[in-house]
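Peer 1: fold the following, please.
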Amino acid sequence: MKKPNKIVVVIVAGLFVYLSMFTWNLRTGHLDALSSYTGLDISGYLLRPGLWVKDQVVGFWERYIYLVGLKQENDTLLAEVARLKQENMFLNERADHGARLDKLLGFVPPEEWDASGARVIAHRMGPAGVLDTISVDRGAATGVEADMPVLSLDGVVGRVLKAGAMNSSILLLTDANSRIAVVGGSHRSPGMLSGQGYGQALKLRFVNLNAVIDSGELLLTSGLSGIFPKGLPVARVTKVQRSDISLFLTVEAEPLIDVGSLEEVLLLQSQPRQLEAAPEVVPEGEAANAEAENGAATQ
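Peer 2: Residues are numbered from 1 along each chain as shown. Model (predicted):
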């Protein structure tokens, strides 16, 4: 049999089988029922992997979006925490600054002296500095003058070395050029307190061998130097030693203030003294003439 004839036979046979099954299905409906069940099963098997892939992709995407959002939220919270920490630091600094200012404002200056506050704006201490000094934000424009006493709430800081228009330089008591007349707080032994440089002990000079002064004794300004008022705390004695070759005791002391941590200071200014007007002196001749004139006027 030739090949075209075989094709015709196959087509005819196929049509016959199809028509037979179609006719049989119209009468019984078995093929429709079978195809409905098997089609659902086949489609279920075919769609199930796709649904699984879809669920995995959707779940991964949702988790990715969630993690991205969580990271963004975490970054936002970290930035907020950093901002709050910085704000809290500034608030604490302001509170400390306010507390220090309240203490300064509560300081009662000695009689005949006025006190005004100033802020430290620069330090120049130690071997790199020619002098142990600090700079403050007040100058001649606000009444600051050379040699005005400078102190903190803990004790004497030094004196004004030079007053500019808006700022002033303060010579610290630790400088080798500083001299402060003091007395012992307990035994009232006098001496001259001088600096030896930043970080070095203060020297109390010219204390007689027979003077009584104890280690730990507080040193106060004596008021004899003409710069500092009497009774301001300056330093505390740390060492007392007698010498066989000197007429004076070897006495060392430490300042009551930490000059390296100063932030605010007080400037003292003496109040101007008001001189009372002297009574007018009238010569005796003029006084007699005035009395005679007054007597004549009354007559």
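Peer 1: going forward, measure contacts between C-alpha atoms and count neighbours the same way
Peer 2: Noted.
Peer 1: nearest spatial neighbour of Leu204, chain-adjacent residues omitted?
Peer 2: Counting by C-alpha to C-alpha, 6 or more residues apart in numbering, Leu204 lies nearest to Leu193, which is 4.4 Å off, once chain neighbours are set aside.
Peer 1: pretty sure the one you found sits against Asn177.
Peer 2: No. Under the contact definition of C-alpha atoms under 8 Å, Leu193 does not touch Asn177, with a separation of 10.6 Å.
Peer 1: so these two - more neighbours on which side?
Peer 2: Taking neighbours as other C-alpha atoms under 10 Å, Leu193 and Asn177 compare with Leu193 leading, 25 against 14.
Peer 1: in what helix or strand does that one lie?
Peer 2: Mapping Leu193 onto the secondary structure by DSSP states H and E places it in strand 190-194.
Peer 1: can I get the CA coordinates of that strand in PDB?
Peer 2: Taking C-alpha atoms only, strand 190-194 is exported to PDB below (Å, rounded to 0.1, in the frame of the first residue of the first chain):
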ATOM      1  CA  PRO A 190      52.000  86.300 107.700                       C
ATOM      2  CA  GLY A 191      53.900  85.600 104.500                       C
ATOM      3  CA  MET A 192      54.200  86.300 100.800                       C
ATOM      4  CA  LEU A 193      52.700  83.600  98.500                       C
ATOM      5  CA  SER A 194      54.400  83.300  95.100                       C
END
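Peer 1: ok, residues contacting that strand?
Peer 2: 173-184, 202-207, 222 (C-alpha atoms under 8 Å, 6 or more residues apart in numbering).
Peer 1: go with 10 Å
Peer 2: Surrounding strand 190-194, the residues in contact under the criterion C-alpha atoms under 10 Å, 6 or more residues apart in numbering are 173-184, 201-208, 211-213, 219-222, 225, 234-235, 251-253.
Peer 1: return the subset of those lying in strands.
Peer 2: Where the contacts of strand 190-194 overlap with strands, as defined by DSSP state E, the overlap consists of 179-184, 202-205, 219-221, 234-235, 251-253.
Peer 1: mind listing the strands the longest strand along the chain pairs with, and their directions?
Peer 2: If you go by DSSP E, the chain has its longest strand at strand 113-124. Its sheet considered, strand 113-124 pairs with strand 133-136 (antiparallel), strand 264-270 (antiparallel) by DSSP bridges.
Peer 1: so for that strand, what gets flagged as buried?
Peer 2: With burial defined by 16 or more other C-alpha atoms under 10 Å, the residues of strand 113-124 counted as buried are Ala115, Ser116, Gly117, Ala118, Val120, His123.
Peer 1: what's the answer for stretch 207-219, then?
Peer 2: For stretch 207-219, using 16+ other C-alpha under 10 Å, the buried residues are Val207, Asn208, Ile213, Asp214, Glu217, Leu218, Leu219.
Peer 1: over to stretch 261-268?
Peer 2: Of the residues in stretch 261-268, Leu262, Glu264, Val265, Leu266, Leu267, Leu268 count as buried by neighbour count, 16+ other C-alpha under 10 Å.
Peer 1: what segments of the stretch 1-150 of the chain are helices?
Peer 2: For the stretch 1-150 of the chain, applying DSSP state H, counting those that start in this stretch gives helices covering 3-28, 30-105.
Peer 1: show the average pLDDT along the last one.
Peer 2: Right, the one you point to is helix 30-105. Averaged over helix 30-105, pLDDT sits at 68.
Peer 1: same check, this time on stretch 199-218
Peer 2: Averaged across stretch 199-218, the pLDDT comes to 93.
Peer 1: so how far is Ile180 from Leu220?
Peer 2: Distance of Leu220 to Ile180, given as C-alpha to C-alpha, to the nearest Å: 9 Å.
Peer 1: pLDDT (mean, whole number) over stretch 262-269?
Peer 2: Along stretch 262-269, the predicted local confidence has a mean pLDDT of 90.
Peer 1: what do Leu220 and Ile180 both touch?
Peer 2: Shared contacts of Leu220 and Ile180 (C-alpha under 10 Å, 6+ apart): Val156, Val234.
Peer 1: outline the domain layout of this structure.
Peer 2: As assigned by automatic domain parsing, the chain contains the domains 3-59, 113-270.
Peer 1: could you give the number of residues near Glu112?
Peer 2: There are 11 residues near Glu112, going by other C-alpha under 10 Å.
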